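Chemist: Need coordinates for the below:
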Amino acid sequence: MFSAQNGYEISIKTKGIAKDVMYLKIFNGTVSDSYVVDSAKISDKTPVAKFVQKQRILGGIYKLELKSNKSSLNILVNNGAKMSFNLEGSELLGLMPEQEPNIGFLTYERQSGNIEKKLELLKDVQKKYPSPTLDLYTKLEEKKNVKIPENLDERKKLQASFLSDLDLNDRRISNTSQLVSVF
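Modeler: Numbering: from 1, shown residues only. Okay, the predicted model is just below:
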């Protein structure tokens, strides 16, 4: 990943999209609640979608979405990131990042099936490319898979300590799709 001073630069070279709009969205507390922070028109004549923010940002998990088919995919955006992707066709699952950590992050995002295997992929990315955003996201993903005890006393203990390893004042929490509703 190249580094800009503040904000981000995201460039997505497309092929095979005649006319569409791509949105860059950020989550607002839940997976179903996101809002548009930028948009880019794509056509045969302008096949590159560019999103540029020059102001400092809190890192987060952002969502790319195509207007025509609501195809979407999450990407990791840290402050100062300069990223490029390639997309052939109009299905965002085919988005190919050119830099880490999004190469690893999108491998994790596309993984289906075994939850433990998927979580191990995320932990590997987090170890290789540590950032406050990825650290927080990994912790929240781990919490989604906590087994809730049947015993009421043990359940109360878990509830009391469940968020103890998180800084609840970290504003990035609201910029992830992984807010936990386990209990």
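Chemist: And residue 97, what's its pLDDT?
Modeler: What the model reports as pLDDT for residue 97 is 97.
Chemist: right, and the helix or strand after the helix or strand of the chain with the lowest mean pLDDT?
Modeler: Least confident helix or strand, the chain: strand 2-3 with a mean of 48, by mean pLDDT, DSSP states H and E. Later in the chain than strand 2-3, the nearest helix or strand by DSSP states H and E is strand 8-15.
Chemist: what's the following helix or strand after that next one?
Modeler: strand 19-30.
Chemist: That following strand - contacts with which helices or strands?
Modeler: Judged by 3 or more CB pairs under 8 Å, 6 or more residues apart in numbering; DSSP states H and E, strand 19-30 is in contact with strand 33-43, strand 60-66. Glycine gets a C-beta too; all of them are placed from N, C-alpha and C.
Chemist: Quick one: residues in contact with the last one.
Modeler: Looking back up the chat, that one is strand 60-66. 12, 17, 20-27, 34, 37, 71-77, 90, 92, 95, 133, 137, 172, 175-178 (CB atoms under 8 Å, 6 or more residues apart in numbering).
Chemist: mind redoing it with 7 Å?
Modeler: Residues from elsewhere that reach strand 60-66, judged by CB atoms under 7 Å, 6 or more residues apart in numbering: 20, 22-27, 34, 71-77, 90, 92, 95, 133, 137, 172, 175-177.
Chemist: CA atoms only: put the helix or strand that comes right after that strand into CSV for me.
Modeler: From strand 60-66 onward toward the C-terminus, using DSSP H and E, the following helix or strand is strand 72-77. Extracted as CSV, the C-alpha positions of strand 72-77 are listed here (Å, rounded to 0.1, in the frame of the first residue of the first chain):
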residue,chain,number,x,y,z
SER,A,72,-21.2,-4.7,-2.9
LEU,A,73,-17.9,-5.6,-1.2
ASN,A,74,-16.2,-4.4,1.9
ILE,A,75,-12.6,-3.0,1.7
LEU,A,76,-10.2,-1.8,4.4
VAL,A,77,-9.4,1.9,4.3
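Chemist: Show me which parts of strand 72-77 are buried, residue by residue.
Modeler: 73-77 (16 or more other CB atoms under 10 Å).
Chemist: downstream neighbour of it in the secondary structure list?
Modeler: Per DSSP H and E, the first helix or strand lying C-terminal to strand 72-77 is strand 81-88.
Chemist: quick one: contacts of the following helix or strand past that next one?
Modeler: Sequence-wise, the next helix or strand downstream of strand 81-88 (DSSP H and E) is strand 96-97. Residues outside strand 96-97 that contact it (CB under 7 Å, 6+ apart) are 83, 85-86, 103, 106.
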